[in-house]
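1. Give me a model of this one.
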Amino acid sequence: MDKKVYVTLENGKVFEGYSFGAEREVVGELVFTTGMTGYIETLTDPSYFGQIVTQTFPLIGNYGMIPEDCESGKCWVSGYIVREKCDAPSNFRCQGTLEEFLKAQNIPAVYGVDTRELTKIVREAGVMPAAITFEPLKDVSVLKGYKVKDAVKSVTGHEKRESGPEGGKRVVLYDFGAKGNIVKELLKRGCHVIEVPADTTAEETLSLRPDGIMLANGPGDPEENTAVIEEIRKFAGKLPVFGICLGHQLFALAMGGKTHKMKYGHRGANQPVRQVSTGKVFISSQNHGYEVVSDSLKGVGEVTFVNANDNTCEGVNYPGLHAFTVQFHPEACGGPHDANYLFDEFLAEMNKEKFNA
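-> Numbers count the residues shown, from 1 in each chain. Next comes the predicted model:
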């Protein structure tokens, strides 16, 4: 019989379940994700750093673990909560079970929890600190004030990495916790990708002679990254820029915009976004707890996408700066491919004569 564990929320609510990951205790920010599939990508997405992730879909692990579907080389969640785990996955690509993966990655996980009730609490009260322990937590006050800190510093790569053909468009990708599929989408289009650490200066970036710059996704509060924001301000307008998720937020801050922590964020592979110019709705993959405040960019940027559920900002175009950014994940892994064309628009921007002189 698996060990009993306790999930204690900051508001004092306690859930009982059973351990199926690493046998250690942890504190993290409790969030939920609504994807029916894509748990491999979720677990290995650096944007989940510092968070205890709850899956709303009731049965997780059905297709096992598939190394080539991982978004990075390790599991980044602090903890993992499911209603029911699958011990006998069925998939010709499977190379192990979810439980084996979590234990190998030293990630505590819980099953047997009423995840519908847990999700309802987060939906009504907002994300909050929580703990996974083997004994009931006696003092809930230890959770008060917990915050994920130094998130980007914890997940960024520390060395420059290059891939793709030498003759392709040179794209500098700022690694704030970049998902592997962003690189794959650029390589599909023949780009030469230069991944650089988050603390790379604008001068260092421009010395690499890029045709364009991508600002990747990543975890944490965007306002913490003051040095990064200053460097973005220095190269903005000098060549095409495409920002995704955290990159979207950081570019907005660099342009004088504001960001705001959301009540429970958008996490899942089924978030609808509406294109402002056409009214067309795309289904997108998302994972963020902060939003760009739309009104804060008046006169600087034009909102291009809004969330169809709550009307929050999902994309901005900066016509005078040859830059555009989106809050969602057009690389769509896991998730739909509706907005994949944005990579083609970035390539088209790099191909303009102004930047080929």
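2. Can I get stretch 6-21 as PDB, trimmed to CA atoms?
-> What follows is stretch 6-21 as a C-alpha-only set of coordinates in PDB (Å, rounded to 0.1, in the frame of the first residue of the first chain):
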ATOM      1  CA  TYR A   6      -1.500  15.300   3.000                       C
ATOM      2  CA  VAL A   7      -2.000  18.300   0.800                       C
ATOM      3  CA  THR A   8      -2.500  21.400   3.000                       C
ATOM      4  CA  LEU A   9      -3.600  24.700   1.500                       C
ATOM      5  CA  GLU A  10      -2.800  28.100   2.900                       C
ATOM      6  CA  ASN A  11      -6.500  28.600   3.800                       C
ATOM      7  CA  GLY A  12      -6.300  25.500   6.100                       C
ATOM      8  CA  LYS A  13      -8.100  23.100   3.800                       C
ATOM      9  CA  VAL A  14      -6.500  19.600   3.900                       C
ATOM     10  CA  PHE A  15      -6.800  16.800   1.300                       C
ATOM     11  CA  GLU A  16      -5.600  13.200   1.900                       C
ATOM     12  CA  GLY A  17      -4.100  11.100  -0.800                       C
ATOM     13  CA  TYR A  18      -1.300   8.600  -1.500                       C
ATOM     14  CA  SER A  19       2.300   9.000  -2.600                       C
ATOM     15  CA  PHE A  20       3.400   7.800  -6.000                       C
ATOM     16  CA  GLY A  21       6.500  10.000  -6.600                       C
END
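3. Quick check: mean pLDDT of stretch 310-326?
-> Here the mean pLDDT over stretch 310-326 is 97, rounded to a whole number.
4. Just the buried positions in it, please.
-> Of all the residues in stretch 310-326, those buried under the rule 16 or more other Cβ atoms under 10 Å are 312-318, 321-326. For glycine as for every other residue, the C-beta is placed from the backbone atoms N, C-alpha and C.
5. Widest-spaced pair of the residues you listed?
-> Largest separation among the buried residues of stretch 310-326 by Cβ to Cβ: Thr312 and His322, giving 24.9 Å.
6. Next, give phi and psi for the residue nearest to Ala236 when sequence neighbours are not counted.
-> Nearest residue to Ala236 in three dimensions, chain neighbours excluded: Leu321, at 5.4 Å (Cβ to Cβ, 6 or more residues apart in numbering). With angles defined as degrees, to the nearest 10, Leu321 shows backbone torsions of phi -120, psi 0.
7. now Leu246
-> Per-residue torsions, Leu246: phi -60, psi -40 (degrees, to the nearest 10).
8. from the buried residues of stretch 310-326, which is closest to Gln275?
-> Minimum separation from Gln275 among the buried residues of stretch 310-326 (Cβ to Cβ) is found for Gly315, which lies at 8.1 Å.
9. what's the longest strand in this protein?
-> When the chain is parsed with DSSP state E, its longest strand is strand 259-275.
10. Asn317 contacts Val300, correct?
-> No: with contacts defined as Cβ atoms under 8 Å, Asn317 does not count as touching Val300, sitting 10.5 Å away.
11. what stretches of this protein score poorly on pLDDT?
-> Counting by pLDDT under 70, the chain has low-confidence residues at 333-334, 353-357.
12. just the helices in it please.
-> Assignment of helices within the chain using DSSP state H yields the ranges 39-43, 98-104, 115-125, 151-155, 180-188, 202-207, 226-235, 246-254, 342-350.
13. got the contact list for the fifth one?
-> It stands for helix 180-188. 70-72, 163-164, 171, 173, 193, 195, 214, 216-217, 244, 330-333, 340, 343 (Cβ atoms under 8 Å, 6 or more residues apart in numbering).
14. and those, which are buried?
-> Judged by 16+ other Cβ under 10 Å, buried ones among the contacts of helix 180-188: 70-72, 164, 171, 173, 193, 195, 214, 216-217, 244, 330-333, 343.
15. How about the contacts made by the residue most central in space within the chain?
-> To find the centre residue of the chain, average its C-alpha atoms and take the closest one (Cα atoms, centre = their mean): that gives Ser47, at 3.7 Å. With contact set as Cβ under 8 Å, 6+ apart, Ser47 has these partners: 76, 177, 179, 217-219, 245-246, 287-288.
16. As JSON lines, those residues with distance to Val281 would be great.
-> Below are the contacts of Ser47 laid out as JSON lines (distance: Cβ to Cβ, whole Å):
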{"residue": "Trp76", "distance to Val281": "30"}
{"residue": "Gly177", "distance to Val281": "28"}
{"residue": "Lys179", "distance to Val281": "23"}
{"residue": "Asn217", "distance to Val281": "22"}
{"residue": "Gly218", "distance to Val281": "27"}
{"residue": "Pro219", "distance to Val281": "28"}
{"residue": "Cys245", "distance to Val281": "20"}
{"residue": "Leu246", "distance to Val281": "24"}
{"residue": "Asn287", "distance to Val281": "19"}
{"residue": "His288", "distance to Val281": "19"}
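17. and the gap between the residue nearest to the centre of the chain and Gln286?
-> 10 Å (Cβ to Cβ, to the nearest Å).
18. Give the closest residue to Glu331 in space, chain neighbours not counted.
-> Asn181 (4.2 Å).
19. from the helices of the chain, which stretch is densest packed?
-> Ranked by mean neighbour count under mean count of other Cβ atoms under 10 Å, the helices of the chain are led by helix 246-254, which reaches a mean of 27.
20. Please list the residues outside that one that contact it.
-> Surrounding helix 246-254, the residues in contact under the criterion Cβ under 8 Å, 6+ apart are 47, 152, 174, 176-177, 214-220, 222-223, 225, 228-230, 232-233, 236, 241, 243, 258-259, 288, 290-292, 296-297, 301, 315-316, 318, 323, 325-327.
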